[in-house]
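**Q** let's see this in three dimensions:
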Amino acid sequence: MSRDFPDNLAARMIQALILSIIISPWLPPVVLLIIALLTPFFVKRPWPIRGFPEGIFIGFLLLSAISWCFNPSWIYGIPVGLIPMAVFLAYYLLAVWIKRGLDWSWYEIQRLYLLFWVAGLYIAVVVLLQGIGWISQEASWWGRLLGYSAIYQNDLTRSVGTSTNSNLAAALLICLALISTYAFSVLKKRWQKVAALAAFFLFCVAIWMTGSRGAWVGLTVGLLVQVWMTGNRRRTVLLFAFLVLLGYVIYTNQTLIPREETLFATITVRIFVWQNAFRIFQDHWLLGVLPLHFSQVFAELTGKHIYHAHNIFLGVATEFGVVGLVLFLLMIGLTVYRARKWRKMAIRLEEKRLSGMMLSLIFAFLGHGMYDYTIIAPQVGSLFFLSVILIHWQYERRCRMPAPSPRVTEDQRKSSAS
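**A** The predicted model follows:
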């Protein structure tokens, strides 16, 4: 890091990124752009290109360029390939910024996620007020700016929060609910535990008001991973049985979820999208068709405009081909491995639970992704890839450095003493 690097700038930018995810769907790309522009001026060390997840981001960047060369397409006069290249370059520079610019222990990461959790109450309040009609979802300039106005969604009975889309709002609410369970397990005072439990149920009510059925699958998967990471197999099995039963009741009973479509109608649409997305994958199986160009190919094939495959794995396969799918699965597999190793090397319970919570967010997105493809949106994708980067970073600090002695702040000393 450069000697001229301003104090706390690296930390402030990461805090700005996590808060931007809460405030508006348009702010995360802006913050990522600022970090990307600042990184070359302040990060002077050699930048890794073969590490993880940096190597994965570089791989997707190169894959996007190669794929566009073999299958060129444009949107509004802009080469489609430039857009995913810019996105993965931004995520790569975010990883460099974090690994080369921050000197955080697990405690600072815990505070970052608790900051996101507390600020996330804003999303829940907006969702509830939209549900009772106090905040309009009709199109307006300020509604679009704050994410209140629904985009690409005709069912206004489903709250969209600050994401312009109910499924994106549900994805963020899943993460907030999972952080609530983490807060309940690590906070010490009784009032803090009561507040964490109340927040969990508040976020669940907000998920219900988004009308997302797939969100309950994501929440179920996230809770299972969180319990699995504690190492208690019996508790994991019991929770799995309970959540599967509860999820089945919620998912199949239309009256429990506020939305106009029946379950059968929703599944019919999804199957139509999946079948035709798989046809696109068969035609472009090696390198894919890239994001945004997918909708153009889908429209040529079916005459209907669908912007993504509504399944995270099928979406990656159709947009980036087999090569991209292998890169994505490699990233997920290594993230699981490193999160487990980090947990085993951690000393304090709070740090062990932190690794489990962060991994549960990733798997919640994957579980929700069985029915949707939310990480393609910058607001959700920023949180997904930020969690991936932080897990790999903490693994390297804890498990690779010869003498990992993270800086202990005065606040951490007080927490330990209590």
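
**Q** in stretch 281-297, what counts as buried?
**A** Buried residues in stretch 281-297, counting neighbours by 16 or more other CB atoms under 10 Å, are found at 281, 284, 287-297. The way it works is simple: take the backbone N, C-alpha and C, and place the C-beta from them, glycine included.

**Q** let me see the mean pLDDT of that stretch.
**A** Stretch 281-297 shows a mean pLDDT of 94 in the predicted model.

**Q** could you export it as PDB, CA atoms only?
**A** Extracted C-alpha coordinates of stretch 281-297, given in PDB (Å, rounded to 0.1, in the frame of the first residue of the first chain):
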ATOM      1  CA  PHE A 281     -26.700 -23.600 -24.000                       C
ATOM      2  CA  GLN A 282     -26.700 -26.500 -26.400                       C
ATOM      3  CA  ASP A 283     -26.000 -24.100 -29.300                       C
ATOM      4  CA  HIS A 284     -23.400 -22.200 -27.400                       C
ATOM      5  CA  TRP A 285     -22.100 -24.800 -24.900                       C
ATOM      6  CA  LEU A 286     -18.400 -23.800 -24.800                       C
ATOM      7  CA  LEU A 287     -18.200 -20.000 -24.400                       C
ATOM      8  CA  GLY A 288     -21.900 -19.000 -23.900                       C
ATOM      9  CA  VAL A 289     -23.700 -16.000 -25.200                       C
ATOM     10  CA  LEU A 290     -22.800 -13.500 -22.400                       C
ATOM     11  CA  PRO A 291     -25.300 -11.500 -20.200                       C
ATOM     12  CA  LEU A 292     -27.600  -9.100 -22.000                       C
ATOM     13  CA  HIS A 293     -27.100 -10.900 -25.300                       C
ATOM     14  CA  PHE A 294     -29.000 -13.800 -23.700                       C
ATOM     15  CA  SER A 295     -32.200 -11.800 -23.900                       C
ATOM     16  CA  GLN A 296     -31.600 -11.100 -27.600                       C
ATOM     17  CA  VAL A 297     -31.000 -14.800 -28.400                       C
END
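
**Q** hmm, back to that, output the buried residues of stretch 281-297 as CSV; include the columns secondary structure and distance to residue 62.
**A** Putting the buried residues of stretch 281-297 into CSV (DSSP: H, G, I helix; E, B strand; the rest coil; distance: CB to CB, whole Å) gives the following:
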residue, secondary structure, distance to residue 62
281, helix, 20
284, coil, 17
287, coil, 11
288, coil, 13
289, coil, 17
290, coil, 13
291, coil, 16
292, coil, 18
293, helix, 17
294, helix, 19
295, helix, 23
296, helix, 23
297, helix, 22
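
**Q** just confirm residue 277 contacts residue 319, I think it does.
**A** No: using CB atoms under 8 Å as the test, residue 277 is too far from residue 319 to be in contact (9.6 Å).

**Q** hey, what's in contact with both of the two?
**A** Among the neighbours of residue 277, those also in contact with residue 319 (CB atoms under 8 Å, 6 or more residues apart in numbering) are 294, 309.

**Q** pLDDT below threshold where in the stretch 201-350 of the chain?
**A** The stretch 201-350 of the chain contains residues with pLDDT under 70 at 232-233, 235-236, 239-240, 243, 246-266.

**Q** please, where are all the helices along it?
**A** Under the criterion DSSP state H, counting those that start in this stretch, helices of the stretch 201-350 of the chain are mapped to 214-228, 233-252, 263-283, 293-302, 312-345, 349-368.

**Q** off-centre distance for the last one?
**A** The reference is to helix 349-368. Relative to the mean C-alpha coordinate of its chain, helix 349-368 is positioned 11 Å out (CA atoms, centre = their mean, to the nearest Å).

**Q** check the first one too.
**A** Computed by CA atoms, centre = their mean, the separation of helix 214-228 from the middle of its chain amounts to 14 Å.

**Q** do the same with the fifth one
**A** Once both centres are worked out by CA atoms, centre = their mean, helix 312-345 turns out to sit 13 Å from its chain's centre.

**Q** run through the neighbouring helices and strands of it.
**A** Applying 3 or more CB pairs under 8 Å, 6 or more residues apart in numbering; DSSP states H and E, one finds that helix 312-345 makes contact with helix 54-70, helix 263-283, helix 293-302, helix 349-368, helix 378-395.

**Q** quickly find the element holding the closest residue to residue 390 other than its chain neighbours.
**A** By the measure of CB to CB, 6 or more residues apart in numbering, the closest residue to residue 390 outside its immediate chain neighbours is residue 109, 5.8 Å from it. Using DSSP states H and E, residue 109 maps to helix 106-119.

**Q** and after that helix, which helix or strand comes next?
**A** Secondary structure here is assigned by DSSP H and E; on that basis, the next helix or strand after helix 106-119 toward the C-terminus is helix 121-131.

**Q** rewinding a little: how about the helices and strands packed on helix 312-345 in a markdown table, adding distance to residue 192?
**A** As requested, these are arranged in a markdown table below (distance: least, CB to CB, whole Å):
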| stretch | distance to residue 192 |
| --- | --- |
| helix 54-70 | 37 |
| helix 263-283 | 38 |
| helix 293-302 | 45 |
| helix 349-368 | 13 |
| helix 378-395 | 23 |
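
**Q** and those helices: which comes nearest residue 175?
**A** Ranking the helices and strands packed on helix 312-345 by distance to residue 175, with CB to CB as the measure, places helix 349-368 first at 4.9 Å.

**Q** just checking, what packs against the closest one?
**A** Counting contacts by 3+ CB pairs under 8 Å, 6+ apart, helix 349-368 packs against helix 106-119, helix 166-186, helix 214-228, helix 312-345, helix 378-395.
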